[in-house]
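Chemist: Take a look and give me a structure for this.
(2 chains)
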Amino acid sequence: MTEAASSDVSRPPPIRRIARRQGLLLSRRASRWRHVTGLCGHGILLLITSSSALAVLFIFFFIAKDALPFFITREAGLLERLREFFTTSAWYPSSVAPSFGALAIFVGSGLVTLGAALVAVPLGVMAAVCLSDVLPFGARQLVKPVIEILAAIPSVAYGFFALVVFAPLLQSRGGLVLSVGWWCLAGPVAALLVFVLSDIATSRLTRQRGSRWIRPAAAAVLGGSALAVLMYVGGRLAGIEVGSGTNALNVSIILGIMALPTVTSVSEDALQAVGRELREGAYALGATRSEVLLRVVIPAAASGICAAIILGLMRAVGETMVVWMASGNAAQIPSPWYNLLQPVRTLTATIAGDMGEADHVTGSARYHVLFAMALALLSISFICNLISERVISRATLKLR
Amino acid sequence: MQLGTRKVIDRSFTGLGLVSILLVAAALVTLLLPIAVRGVGAFIFSATVEHRRLTLEHFGRGDAARIEAEVAQTQAARQPVYDSIARFEQELPTYPAARRREYRAELDELKEHLRVLLGPAPEDGRPVMVRNQYGQTRWDRAQVKLQHLLMVEEWDYSDSTQMGQRVLRPRVTHFQGTALEPLFAYVETHAEQMLRPQWTFYWRFLFDDSLDAHIFGGIWPEVLGTLYLTIGSILFAVPMGVVSAIYLVEYAKEGWLVGLLRSCISTLAGVPSIVFGLFGLAFFINTIRVSPSKSVLAGSLTLAALILPLVIRASEEAIRAVPRTYKEAALSCGASRWRTIVTVVLPAALPGILTGIVISMGRAAGETAPIIFTAAFSVGPALKFWETFTQGTPALPWNIYSLCTEHQAVDEIRHVQYGMVLTLVMLVLCLNGAAIIIRARITRKLTG
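Modeler: Below is the predicted model of the structure:
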């Protein structure tokens, strides 16, 4: 190797060096180097990305690891423990002869979630329809932040409201609150029903005889009877005395409001995904807006709306603070089971409430039973998540 | 169906939609209104002389000479009360024994009420507990206490078919004809002179330490703890989240591996927050022992796992929204892939990523369940920075819970609870407002 050549290698002309650094010109070695670093970079990125997968795996592993000792013990067989856990409702984890029957707690979780669904599904889906198809653009820009704020408010603030504001109100003026709620929800629905029914009933009659007064008369009769039903139920509700303000109803309403933003925004996305063509086709056939929505758009978006409902309910199942603060925390099955005015206890509240006491006795059955509950909760949310994901992906495939 | 009816149905359907939107808005207003109105009461209230004395003695703030003059004036106004008690105690021995015992019990009760209202009597000396050193610092609470002093609450059970009825009877009837009789009228008319209420803007509520488990003082330890937890979780979650998003958008080829990663991320997003708390306890504290017991570090790590999917999704969307032309221009200039990402794609996606980060900060600040077992203490001092690695901290969400359920004087400190809730809600809403503003800017930039 001559001196000139070696100096050429060690000190290339400035322009070539710049060109190399910028990647315009590559020697074979540099190209291989770049390939190797590229592969390494790729590997590191993949490693970091898989940390979230790792987190999921670790969550399942560590929850299951601490849950298994509850089921596999020397004192009782696996089947026995399973039967006790899922089918009996005596929850005395801290007594001398402890019993871990969690049926009432599962029922409590289910009941509260059902109540939340009753609030969140009609309201949320209607709001989504209104947002995507009814409101003009300007109004939509105003309403969307409202929904975002509802989603952003911390759960403990909802819980505080439920415990400090809503529960005393429910306890002192329970009947009034219930009947006002009944009128707010059932009033508009009843008015709509009266319109539709009176029309359907009279459209045949008027065709036959063509008299003018028969429609108003039918509307009046139906309206009167609807009003009577409304007033009767409202009066019955107003007469109810609520024993304790911290009960399943309180929690259901608050959880419903918390699940609302999820239901609304995901269903709105589903409704938007239906696309202009279907809507315009329906309008071109002479359908009114409500017919377009009810007969074309909502059926097309149905699976997306289902996914929205599942996601919203998952939020209600997994919510801790509201139920812990305002559900009354009584491990009992309400009698009859749909009686929302009785206190209940849910999975999340049990974990949060009992772990503080079980913390110092790490290793005892009392500690492990809470992990078993967490495992149940985790499995529920995992399955729901899988279903909703499957539903959404199928829906997008169908719409394409 | 007739055309007219179809139109009516259409209109009522629209009406139902609007009603539902209105109900949602009404729910938001009913939720926020009491929190806002009563929360502001923690900052702006009519403060008595006891409040000024307390801020002077415990926080060293205020004009000492003026406050001492004021205290002297109120002492002068209170003196007749203590004088009449002294006179009554002197005449006690003149009553028959049974009567005397009754009077003494009632006098003790009265003295206790006076202590709660005005603070310890001059001859009592300084109590050990801070809560006993001062009277009512807030005029609204003072009026409630004044009612307790003037009226005796009794329950009437004479009608056995119903619940007991509450009856209020003036306390003065117990002391009819004694030296104490004029005291009640005096207290009622001179309450303002004895306490001198003044409207105050106590903005230091945010920055004062709490005194005697939040009975007096501010909420700085909680605010600081929330800030530590939020910033800590962001420090862990943002680098990982953004890098994951870069990988998923720019590098990954669609296949089973990426599909698996994506469903893991959505599973992580769906895990209930309380399960994150248990995971943090079982993994970060009991298994890898990042700290001997609860600590800000463990809490931040748990919260980071919770907000990771949010950060990933937001960053992914932001990176995906960068126009292809930017990237192609950079690549055609000869920049390498990584260089393109760092110098072109990331800066263009930065506002979108920032929006996601700010929203996840709001989420991390408000979450309670994950920090119950990993970071939160009910009472504690404001932590120094280096203590966050080994010690737990009070935090706003947890202390809202503990103050309104576990505190020994729940009803006395409603204003502190509301103030905390307002602070937390405002913190979260400000973060979300910032996100909305950033997003509006991006849309304006992209459209115009």
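Chemist: Please list all residues in contact with the closest residue to A:Asp269 other than its chain neighbours.
Modeler: Excluding the flanking residues, the one nearest A:Asp269 by C-beta to C-beta, 6 or more residues apart in numbering or on different chains is A:Gly304, at 6.9 Å. C-beta here means a position set from N, CA and C on the backbone, and glycine is covered the same way. By C-beta atoms under 8 Å, 6 or more residues apart in numbering or on different chains, the residues touching A:Gly304 are A:266-267, A:269-271, A:273, A:391-392, A:395.
Chemist: Is the longest helix anywhere in chain B in proximity to chain A?
Modeler: In terms of residue count, the longest helix belonging to chain B (DSSP state H) is helix B:3-40. Yes: counting by C-beta under 8 Å from any C-beta of the partner chain, chain A has neighbours in helix B:3-40: B:5-10, B:12-21, B:23-25, B:27-28, B:31-32, B:34-35.
Chemist: How far away from the center of its chain is the one helix or strand B:Lys445 maps to?
Modeler: If you go by DSSP states H and E, B:Lys445 is part of helix B:414-447. Centroid displacement of helix B:414-447 relative to its chain, using C-alpha atoms, centre = their mean, to the nearest Å, is 16 Å.
Chemist: give the contact list for A:Ala186.
Modeler: Taking C-beta under 8 Å, 6+ apart, one finds A:230, A:233 in contact with A:Ala186.
Chemist: Check A:Arg81 and give its pLDDT.
Modeler: Per-residue pLDDT puts A:Arg81 at 79.
Chemist: Equivalent analysis for the one 4 residues further on, please.
Modeler: Among the per-residue scores, A:Phe85 holds a pLDDT of 82.
Chemist: what's the answer for B:Val243, then?
Modeler: pLDDT, read off for B:Val243, is 91.
Chemist: Same question for A:Phe382.
Modeler: As predicted, A:Phe382 sits at a pLDDT of 90.
Chemist: these two touch, right, it and B:Thr267?
Modeler: Yes: at 6.0 Å, A:Phe382 and B:Thr267 qualify as touching, with contact defined as C-beta atoms under 8 Å.
Chemist: who's more crowded, those two?
Modeler: The neighbour count for A:Phe382 versus B:Thr267, taken as other C-beta atoms under 10 Å in any protein chain shown, is higher for B:Thr267 (22 against 17).
Chemist: Excluding its own residues, what touches the helix or strand harbouring the more buried one? List them.
Modeler: Here B:Thr267 sits within helix B:256-270, counting by DSSP H and E. With C-beta under 8 Å, 6+ apart as the contact definition, helix B:256-270 has outside contacts at A:49-50, A:52-53, A:55-57, A:59, A:311, A:314, A:318, A:381-382, A:384-386, A:389, B:244, B:248, B:252, B:305, B:308-310, B:312-313.
Chemist: could you flag which of those residues are buried?
Modeler: In the contacts of helix B:256-270, burial by neighbour count holds for A:49-50, A:52-53, A:55-56, A:59, A:311, A:314, A:318, A:381-382, A:384-385, A:389, B:244, B:248, B:252, B:305, B:308-310, B:312-313, counting by 16 or more other C-beta atoms under 10 Å in any protein chain shown.
Chemist: mind listing which of those are in helices?
Modeler: Mapping the buried ones among the contacts of helix B:256-270 onto helices (DSSP H) picks out A:49-50, A:52-53, A:55-56, A:59, A:311, A:314, A:318, A:381-382, A:384-385, A:389, B:244, B:305, B:308-310, B:312-313.
Chemist: For residue 320, give me its contacts.
Modeler: No chain specified, so I'll use chain A. By C-beta under 8 Å, 6+ apart, the contact set of A:Thr320 is A:155, A:348-349, A:351-352, B:272-274, B:368-369.
Chemist: wrong one, chain B
Modeler: Per C-beta under 8 Å, 6+ apart, neighbours of B:Arg320: B:Val249.
Chemist: Equivalent analysis for A:Ala116, please.
Modeler: A:252, A:255-256, A:258-259, A:313, A:316.
Chemist: neighbours of the nearest residue to A:Ile380 once chain neighbours are set aside, just the number please.
Modeler: Setting aside the residues directly before and after it, A:Ile380 is nearest to A:Val317 in space (C-beta to C-beta, 6+ apart), at 6.3 Å. A:Val317 has 22 neighbouring residues, counting by other C-beta under 10 Å.
Chemist: does A:Val317 really touch A:Leu378, like I thought?
Modeler: No: taking contacts as C-beta under 8 Å, A:Val317 lies outside contact range of A:Leu378: 10.9 Å.
Chemist: Please identify every residue contacting each of those two.
Modeler: Residues within reach of A:Val317 and of A:Leu378 at once, by C-beta under 8 Å, 6+ apart, are B:Pro272.
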